[in-house]
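Q: I'd like to go over a predicted model; first the sequence, then the structure.
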Amino acid sequence: MFNIVERRRWFYLLSLAVIVPGVIAMIYSTITSGVPVRLGIDFTGGSLFRLQFTGPATEEAIGNVFTNFGEGNAVIQRIGQPEDNTWQVRGRLYAVRKTQPDQIRAERRNCPAGSGPFDVR
């Protein structure tokens, strides 16, 4: 029969072999990035936009609009086929104010010619 209590010191060593490298990694991460564990958008929260244009749009043009709103770190990805003109943008959490849709509509001027109309709801 297997006696766990008799081999408890081996289990202590096994536990330490797992815990100590994890603590060292957290200390290293804290020194290099300022936080022990970097959390993704799934845990920190954020906004996800799905944009569909009637004409072609570029990642650069979409990025410029988000940069004008103070979000230079937005992640922009094409969704589906290029002819679908559908994009997904992930960024920090945006607090939507009643006046903000009007500001976003005003940004249409910054979109490239031929990108087509879009609506903000």
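A: Cool, the structure landed.
Q: neighbours of residue 11, how many?
A: For residue 11, the count of nearby residues is 11 (other C-beta atoms under 10 Å). The C-beta positions use only the backbone N, C-alpha and C, and glycine is treated the same way.
Q: so who does it touch?
A: Contacts for residue 11 (C-beta atoms under 8 Å, 6 or more residues apart in numbering) come out as residue 4.
Q: which residues touch the residue nearest to residue 53 when sequence neighbours are not counted?
A: In this structure, residue 53 finds its nearest non-sequential neighbour in residue 85, 4.2 Å apart by C-beta to C-beta, 6 or more residues apart in numbering. Residue 85 is in contact with 52, 53, 54, 55, 56, 57, 116, counting by C-beta under 8 Å, 6+ apart.
Q: before we move on, what about residue 38?
A: Residue 38 touches residue 29, counting by C-beta under 8 Å, 6+ apart.
Q: and it, what pLDDT?
A: Residue 38 carries a pLDDT score of 82 in this model.
Q: SS state for it?
A: Secondary structure, DSSP: H, G, I helix; E, B strand; the rest coil: residue 38 is coil.
Q: just the buried residues of the top helix by length along the chain, please?
A: Looking across the chain with DSSP state H, the single longest helix is helix 8-33. In terms of neighbour count (16 or more other C-beta atoms under 10 Å), helix 8-33 has no buried residues at all.
Q: from the chain's centroid, how far away is stretch 53-64?
A: Per C-alpha atoms, centre = their mean, to the nearest Å, the displacement of stretch 53-64 from the mean C-alpha position of its chain is 19 Å.
Q: for the record, mean pLDDT for that stretch?
A: Mean predicted confidence for stretch 53-64 is 87.
Q: so how far is residue 39 from the residue nearest to residue 53?
A: 32 Å (C-beta to C-beta, to the nearest Å).
Q: with that, I have no additional questions.
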